[in-house]
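K.L.:
Okay, here's the prediction I keep looking at, along with the sequence it came from:
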Amino acid sequence: MNKIKVGISIGDINGIGMEVIIKTFKDNRMMDICTPIVYGSSKVSTFHRKALGINDFSFNIIKNAKEANVKKPSIINCWSDDIEVAMGQSNADGGKYALMSLEAATEDLKNGLIDALVTAPINKDNIQSDEFNFPGHTEYLTEKFEGESLMLMVNDNIKIGVATNHIPLSKVANTLTSDTIFSKLKILNKALIQDFCITSPRIAVLGLNPHAGDNGLLGKEEENVIIPAIDNAKSIGINTFGPYPADGFFGSGNYQKFDAILAMYHDQGLIPFQSLSFGEGTNFTAGLDIIRTSPDHGVAYEITGQNKAEESSFRHAVYAACDIYKNRMFAAEINKNPLKPAKGK
């Protein structure tokens with residue numbers, strides 16, 4: 001099989017995105033895994049590389065994804081502007097060029113010129129514009145591609161999805177419905193089978209309220225919303241369990257008994273995930289007809305340009321994108337010509 005073409009958006013030019021990209025592909029062994037194509041600016045790359053004191057690395061400059069070099073990381077210049085990189089600062093340029101990079105990579109992904117997308121961190125504030133009016137990458141890509149998305153945080157030991165994405169905590173209870181949770185469980189179950197090759201996955205569902213509501217004493221959402229969704233999932237053959245009180249679920253190690261967990265809101269899922277796997281976790285946008293992953297950290301302005309950023313999470317995001325692509329190809333192949341049932345059965 002030809003090497004997987006992984007498109008990479010550079011995120012905020014003033015953050016650590018370019019640093020972790022350079023450090024990841026400075027290791028030549030990555031070229032055995034994929035053909036990386038960075039959407040950004042060779043000038044921005046050179047600025048970061050010099051600031052980091054990295055002199056033994058450079059990108060192969062290409063005009064389009066078809067010219068990608070299978071032996072060396074490539075970069076496409078998405079703009080010709082001479083811009084000033086203001087390391088560690090949030091400004092309009094950081095958002096403007098992050099969006100230009102993302103748009104170019106998204107377009108090539110849509111047209112099949114790359115096989116998967118790995119996104120470096122954006123600043124969700126300075127990227128806002130008439131063209132980008134979304135809480136984050138997940139929502140942006142959900143509008144661009146087919147399918148209903150699920151934010152799924154993954155590493156080798158734990159997978160946590162969230163029923164609600166980037167919304168204020170004050171809106172979570174009113175946003176959650178049985179249909180929403182049921183839909184997310186279906187997406188999660190399919191992703192575990194198709195994207196991670198897990199047969200008959202077991203999924204745990206967390207409660208919304210303290211102690212999972214204590215039989216309605218501390219809230220009715222478990223009885224009225226979450227349990228009906230779990231029952232619906234069970235009725236179609238999804239191995240779903242819960243709702244479990246979120247506080248003791250991770251501390252007790254109970255999470256290790258399941259293939260994945262569905263949390264009710266962002267921090268309920270990401271706080272334990274980050275605590276258990278920071279630096280090695282990956283954010284995977286499950287449920288879409290394309291593959292997108294990202295590292296589990298943000299722009300980290302406070303350490304930009306200081307050669308302190310660890311590339312481990314970004315590298316794992318590249319690994320995950322490649323693994324998921326291979327798993328999808330395998331799933332498509334084995335299901336291409338299913339055996340027809342015998343006559344009379």
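P.N.:
Structure received. Just so we're clear, the structure is a prediction, and the values are computed from it rather than from any experiment.

K.L.:
Quick check: next helix or strand after the one helix or strand in the chain whose mean pLDDT sits lowest?
P.N.:
Lowest mean confidence among the helices and strands of the chain (mean pLDDT, DSSP states H and E): helix 246-251, at a mean of 89. Of the helices and strands lying after helix 246-251 in sequence (DSSP states H and E), the nearest is strand 260-263.

K.L.:
picking up where we left off before, mind listing residues that contact the least confident helix or strand of the chain?
P.N.:
Outside helix 246-251, the residues that touch it by C-beta atoms under 8 Å, 6 or more residues apart in numbering are 204, 206-207, 210-212, 254-255, 261, 263, 268, 272, 275-276. Placement of C-beta: from N, CA and C, glycine included.

K.L.:
next one: that helix to chain centre, how far?
P.N.:
24 Å (C-alpha atoms, centre = their mean, to the nearest Å).

K.L.:
Check which helices and strands the helix or strand where residue 47 lies is in contact with.
P.N.:
In this assignment (DSSP H and E), residue 47 forms part of helix 42-52. Packing contacts for helix 42-52, counted by 3 or more C-beta pairs under 8 Å, 6 or more residues apart in numbering; DSSP states H and E, involve helix 17-25, strand 74-77.

K.L.:
so of the ones you listed, which one's packed in deepest?
P.N.:
When neighbours are counted by mean count of other C-beta atoms under 10 Å, the highest per-stretch mean among those falls to helix 17-25, a mean of 25.

K.L.:
following it, which helix or strand comes up?
P.N.:
Where DSSP H and E defines the elements, the next helix or strand beyond helix 17-25 is strand 34-40.

K.L.:
partner strands of that next one, parallel or antiparallel?
P.N.:
Sheet pairing of strand 34-40 (DSSP bridges) gives strand 4-9 (parallel), strand 74-77 (parallel).

K.L.:
Which one of the ones you listed lies nearest to residue 40?
P.N.:
Each of the strands paired with strand 34-40 has some distance to residue 40 by C-beta to C-beta; the shortest is strand 74-77, at 6.2 Å.

K.L.:
Tell me the buried residues in whichever helix or strand comes after that closest one?
P.N.:
Elements were assigned by DSSP H and E; along the chain past strand 74-77, the next helix or strand is helix 92-110. For helix 92-110, the neighbour count (16 or more other C-beta atoms under 10 Å) marks 93-106, 108-109 as buried.

K.L.:
next one: stretch 62-80
P.N.:
Neighbour counts over stretch 62-80 (16+ other C-beta under 10 Å) mark 62, 65, 68, 73, 74, 75, 76, 77, 78 as buried.

K.L.:
With distance to residue 10 and pLDDT added, can I get the residues you listed in CSV?
P.N.:
Output for the buried residues of stretch 62-80, formatted as CSV (distance: C-beta to C-beta, whole Å; pLDDT from 0 to 100):
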residue, distance to residue 10, pLDDT
62, 15, 97
65, 15, 96
68, 16, 95
73, 12, 97
74, 13, 97
75, 9, 98
76, 11, 98
77, 12, 97
78, 9, 97
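
K.L.:
Switch those over to CSV; also include distance to residue 170.
P.N.:
Formatted as CSV, the entries for those read as follows, by distance: C-beta to C-beta, whole Å:
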residue, distance to residue 170
62, 47
65, 43
68, 46
73, 44
74, 45
75, 42
76, 42
77, 43
78, 38
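
K.L.:
and of those, the nearest to residue 319?
P.N.:
Taking C-beta to C-beta as the measure, residue 73 is the one of the buried residues of stretch 62-80 closest to residue 319, at 15.6 Å.

K.L.:
give the contact list for that closest one.
P.N.:
Under the criterion of C-beta under 8 Å, 6+ apart, the contact partners of residue 73 comprise 25, 30, 31, 36, 38, 59, 60.

K.L.:
what number of residues lie near the third one?
P.N.:
Think residue 31. Neighbours of residue 31 under the rule other C-beta atoms under 10 Å: 16.

K.L.:
which of the contacts of residue 73 has the most neighbours?
P.N.:
Across the contacts of residue 73, neighbour numbers were computed from other C-beta under 10 Å; residue 38 holds the maximum, 30 neighbours.

K.L.:
Bridged to it, which residues?
P.N.:
In this structure, residue 38 has the following beta-bridge partners (DSSP bridges): residue 8, residue 75.

K.L.:
can you give me the strands in the stretch 201-345 of the chain?
P.N.:
Taking DSSP state E, counting those that start in this stretch as the criterion, the stretch 201-345 of the chain carries its strands at 202-206, 239-244, 260-263, 282-288, 292-295.

K.L.:
ok, then the element right after the first one?
P.N.:
For strand 202-206, the succeeding helix or strand toward the C-terminus, using DSSP H and E, is helix 221.
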